[in-house]
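Asks: dropping the sequence and predicted coords here.
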Amino acid sequence: MASCEHAESAEHAEILALPVVTPLRKDVSLDRAYVARVRAIQHIEVRALERGYLDEIFVDEGQVVEAGQKMFVILPVVYRAEVAKARAEAEAARIEYENAKRLADKNIISPAKLALAKANFEKAKAELALAKAHLKFTEIRSPFRGIMDKFHVRLGSLVDEGELLTELSDVSKVWIYFNVPEAEYLELAPKLEEIKQRPLRFRMANGKIFPHVGKIDTIEADFDVETGNIPFRATFPNPDLLLRHGETGTVLLPEPYPNALLIPQKATFEVLEKRYVFVVDDQGKVHQRAIQVAAELPHLFIVSEGVTETDRILLEGLRKVRDGDTIEAKVQDPTEVYEHLEPYAE
């Protein structure tokens with residue numbers, strides 16, 4: 001009789017009291033991360049339009065310049081002289097044309113000579129306009145508001161027509177390009193129009209998030225045959241000019257999971273590349289069950305198959321039990337558990 005009581009007490013002593021928790025339903029969002037590069041919406045080369053000595057520089061490297069602001073002047077002495085010469089020739093042609101017109105009115109000269117005088121006058125006016133254009137080209141002005149890049153020439157340099165002086169970038173808005181792998185593109189393709197409305201974030205090289213959000217506005221036509229990626233382009237406002245042409249970072253594309261079923265990562269274990277949980281029934285019996293993980297959050301898994309929100313999942317002590325064991329289930333408050341999850345190692 002005593003031995004039977006001892007065996008019964010030993011059996012009860014072997015029943016472990018372990019915490020269990022139910023899955024949590026919650027709207028969550030994950031970020032798809034893509035390496036990205038920043039491009040100015042306008043980035044141009046500023047080149048000399050005439051040959052000559054660089055006479056004046058009115059700006060500096062890195063300076064913000066306004067549209068129409070004077071940046072460089074090519075020595076204009078020769079071009080001013082050409083304008084003066086063309087103006088004098090135009091005036092002479094005008095006088096000849098007016099004299100010819102008076103003579104033609106009196107039938108002293110033929111209409112052909114009048115037409116020739118008029119043609120010479122028009123030619124002289126055209127040559128004056130051309131000379132003025134050449135003179136104007138000695139002044140190089142900014143075509144838009146932007147940031148100056150480094151100078152490729154210095155004051156007093158002899159520059160040729162078309163020689164590169166500097167670059168100019170308009171970064172009031174920026175285009176951010178990022179590459180999407182083919183498999184992900186095919187996953188995103190059916191909902192591209194909806195994805196274009198999602199607010200994108202940009203994580204800069206220092207790990208901080210850029211304070212303005214952007215949106216996808218275009219996708220290039222072809223995949224890169226070498227990488228298997230297709231470039232996406234997003235536009236971000238950049239009112240403080242923080243982002244610059246050529247900068248790098250990471251685009252974060254939000255992926256919403258409405259009414260997602262969440263379980264703690266530490267409540268799962270892996271066998272032969274499949275993930276499982278222990279579900280505890282009302283009698284305290286442990287059942288091993290396979291689950292399908294849809295996505296991963298910090299300390300949490302989003303589960304698409306395998307458990308329901310009413311199942312009681314073993315939270316700790318997974319190595320202490322086996323399928324079919326009986327435990328004493330200590331039900332935990334899901335809100336408290338999910339707020340204080342810590343990293344775990346399998």
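Replies: Sure thing, it's come through. Residues are numbered from 1 along each chain as shown.
Asks: where does the protein have low pLDDT?
Replies: 1-13, 77, 342-346 (pLDDT under 70).
Asks: show me which strand runs longest in it.
Replies: Counting residues, the longest strand found in the chain (DSSP state E) is strand 24-47.
Asks: right, and the helix or strand after that strand?
Replies: strand 52-57 (DSSP states H and E).
Asks: that following strand pairs with which strands?
Replies: strand 70-74 (antiparallel), strand 158-159 (antiparallel) (DSSP bridges).
Asks: with only the CA atoms kept, save that strand in PDB.
Replies: C-alpha atoms of strand 52-57 as PDB (Å, rounded to 0.1, in the frame of the first residue of the first chain):
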ATOM      1  CA  GLY A  52      38.400  82.700 -74.100                       C
ATOM      2  CA  TYR A  53      40.000  83.500 -70.700                       C
ATOM      3  CA  LEU A  54      37.900  82.900 -67.600                       C
ATOM      4  CA  ASP A  55      37.600  86.500 -66.400                       C
ATOM      5  CA  GLU A  56      35.300  86.300 -63.400                       C
ATOM      6  CA  ILE A  57      33.900  83.700 -61.000                       C
END
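Asks: residues in contact with it?
Replies: Strand 52-57 is contacted by residues 71-76, 78-79, 138, 151, 153-159, 165 when judged by C-beta atoms under 8 Å, 6 or more residues apart in numbering. In this view, the C-beta of every residue, glycine as well, is placed from N, C-alpha and C.
Asks: helix or strand right after that strand?
Replies: Using DSSP H and E, the helix or strand that follows strand 52-57 towards the C-terminus is strand 64-65.
Asks: still on that earlier bit, take the strands paired with strand 52-57 and write them to TSV, including mean neighbour count.
Replies: Conversion of the strands paired with strand 52-57 to TSV gives the following (neighbours: other C-beta atoms under 10 Å):
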stretch	mean neighbour count
strand 70-74	19
strand 158-159	16
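Asks: for Asp170, which of these is the nearest?
Replies: strand 70-74 (14.5 Å; C-beta to C-beta).
Asks: now do the contacts for the nearest residue to Tyr257 once chain neighbours are set aside.
Replies: Computed as C-beta to C-beta, 6 or more residues apart in numbering, the closest residue to Tyr257 that is not its neighbour in sequence is Val28, at 5.0 Å. Residues in contact with Val28 (C-beta under 8 Å, 6+ apart) are 256-257, 260, 262, 297, 302.
Asks: most centrally placed residue in the protein?
Replies: Nearest to the mean C-alpha position of the chain, by C-alpha atoms, centre = their mean, lies Ile176 at 2.4 Å.
Asks: report the buried residues of the helix or strand where it lies.
Replies: Per DSSP H and E: Ile176 is located in strand 164-181. Buried residues in strand 164-181, counted by 16 or more other C-beta atoms under 10 Å: 165-180.
Asks: same thing with stretch 308-321?
Replies: Under the neighbour-count criterion of 16+ other C-beta under 10 Å, stretch 308-321 has 311-316, 318, 321 buried.
Asks: switch the strands paired with strand 52-57 over to TSV; also include distance to Asn99.
Replies: As requested, the strands paired with strand 52-57 are exported to TSV (distance: least, C-beta to C-beta, whole Å):
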stretch	distance to Asn99
strand 70-74	39
strand 158-159	44
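Asks: top helix in the protein by residue count?
Replies: helix 77-105 (DSSP state H).
Asks: which is the next helix or strand following that one?
Replies: By DSSP H and E, the next helix or strand past helix 77-105 is helix 111-136.
Asks: got the domain ranges for this protein?
Replies: As recorded under automatic domain parsing, the domains making up the chain are 16-28+258-339, 31-42+173-256, 49-72+139-162, 77-137.
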